[in-house]
Structures are given as C-alpha cells and as structure tokens.
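1. Fold the following for me, if possible:
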Amino acid sequence: MPARAISGDGRQVLYFPLVGLFIGCLLYGVDYLLSLAPYPEIRVVGDVLFLTVISGALHLDGLADTADGIFSHRPREQILEIMKDSRIGVMGVLALVFCVLLKLAGLAGIIHSGSLIWLILAPAMGRTAQVVGLVFISHVTSEKTLAEQFYQQGKYSLLLFCPLPFAVIFYMDWVLALAILTLFAFLLVALLLFFKNKIGGITGDTLGATTEIIETVFLLIGGMSTSIL
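-> Model (predicted):
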C-alpha cells in the first residue's frame, strides 16, 4: 500500500497478511453474490471492481506512477520526480489497462475452473509481499512522507503472519504449495531487487505496483489451477 495511505508507528505492517486474507474472504462473498447475475461477465467485472474499490485504487495508482517513472529511461532522480507527479503518462495508462485485463482473465479462469480459493489467496499474497518489501528493503531516502513510521527494515518479527497464505495451500496440496512458494519468492525478490537497482530502494508507489503484480500473477495462476475448493 502506498506510504501516503498509512499512519501510525508502523506496527500495523504486521497485520497486512491478515488484512489480505480478510479482503480475500470479502471478495469470495462478493463473487458468490455476483454469481447470481444473469451472465458471467458481470461477475468477473464486479470482482475486479471490488478489488479496486477496497484499496481505494491506491495500488493501481502506485502501479501507474511506477510504470511512468521506470519506463521513462531517465536517471534515478528524474524517475523519482516522475513518480511523484500526480499526472499519468502513456506507460502508466498501459500498465493499468493490462493489469485490469489480466485480472479479468485470471478471475474468468478461476470461476471457470472452480478454484475459488484463489479469490482469498491472491489478495493475501499481494499484502504479504508488502511486508517482505518493508522489512527487507530500505526506502528511498528522498521520500520523506511517513518514512520513519512506515518502513520497517530489519524488524523481522513483523513477518509473523506472512506464512499464513501458504499454509492454507500446504494444507490442501503440499506439492502445489512448494511450487507457489518458490514462484512467489522468485517473483518478489526479482521485483524488489529491480527497484533497488533502479531507484535505490522502495517507495510507496513501488509497493503498490508490487502488490498489483503479485495479486494479478496469482489470479492468473488460480485460473489455470484445477478445483481445490
């Protein structure tokens, strides 16, 4: 979640995976209600709309800002300035469009396959990724907003609830769980190291982008899974 959306002393970071599971449970309930709609397209679009509204579109905003900055091919300082700009550019628009389209595809696959557990797990994994980033990667020093309260580098106790989404999968299918955990770790490490190399760390925008990417990837994976719920 972007830093500007958070207040307090930062201890709430501990509960992000639980919040993600709660959002996933809400999505599951919303999806059930939307399954009563006269045709499935309403159900799929409604699910994506819920995911957008529940986060206040802050993560999508972070994705757009990150895309505008990273793909500007400018020096680090200019990238950060572009990311702070409230205006959206072409790369930001494209990132939003493809993110939403891929989520629609993933949710359609989930509904078709009956693997509805991914409605709960994907949002949880996105929020778990935030915690890992906040604990292991330093924030960009030029980003002053709530930096001391929000970024929790080195506070490993905040990782306590991070295994929960994977524990759910291990309970159902340990082979699948190992594969998912490996993919999650590889993708998250690649993203965080990319941001660290590109701009020297993470920002609220890159955290939002990371959340959207992780959530979208695992919705797509859920759409390719056989029914486990």
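
2. Tell me both backbone torsions, phi and psi, for the residue lying farthest from the centre of the chain.
-> In the chain, the residue that sits farthest from the middle, by C-alpha atoms, centre = their mean, is Pro38; the gap is 30.1 Å. Backbone torsions for Pro38, taken as degrees, to the nearest 10, come to phi -70, psi -20.

3. What of His139?
-> phi -80, psi 160.

4. do Ile202 as well
-> According to degrees, to the nearest 10, Ile202 has phi -120, psi 160.

5. What part of this structure, helix or strand, is modelled with the least confidence?
-> Here the helix or strand of the chain ranked lowest by mean pLDDT, DSSP states H and E is helix 147-150, holding a mean of 59.

6. could you point out which element follows that one?
-> Remark: after helix 147-150, the chain's next helix or strand is helix 164-172, criterion DSSP states H and E.

7. what helices or strands is that next one leaning on?
-> helix 16-34, helix 117-136, helix 174-199 (3 or more C-beta pairs under 8 Å, 6 or more residues apart in numbering; DSSP states H and E). C-beta coordinates here come from the backbone N, C-alpha and C atoms, glycine included.

8. looking at the ones you listed, which is buried most?
-> Compared across those, helix 117-136 shows the largest average neighbour count, a mean of 25 (mean count of other C-beta atoms under 10 Å).

9. now it and helix 174-199, what's the angle there?
-> Put simply, helix 117-136 runs at 40 degrees to helix 174-199, going by axes from the mean of the first three to the mean of the last three C-alpha atoms, to 10 degrees.

10. Check which helices and strands helix 117-136 sits against.
-> Going by 3+ C-beta pairs under 8 Å, 6+ apart, helix 117-136 lies up against helix 16-34, helix 90-113, helix 164-172, helix 174-199, helix 204-224.

11. tell me how far it is from the chain's mean position?
-> Centroid displacement of helix 117-136 relative to its chain, using C-alpha atoms, centre = their mean, to the nearest Å, is 6 Å.

12. for Cys25, what are its contacts?
-> Ile120 (C-beta atoms under 8 Å, 6 or more residues apart in numbering).

13. any chance of the helices and strands packed on helix 164-172 in a markdown table, with distance to Ala57 too?
-> Output for the helices and strands packed on helix 164-172, formatted as a markdown table (distance: least, C-beta to C-beta, whole Å):
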| stretch | distance to Ala57 |
| --- | --- |
| helix 16-34 | 14 |
| helix 117-136 | 14 |
| helix 174-199 | 20 |
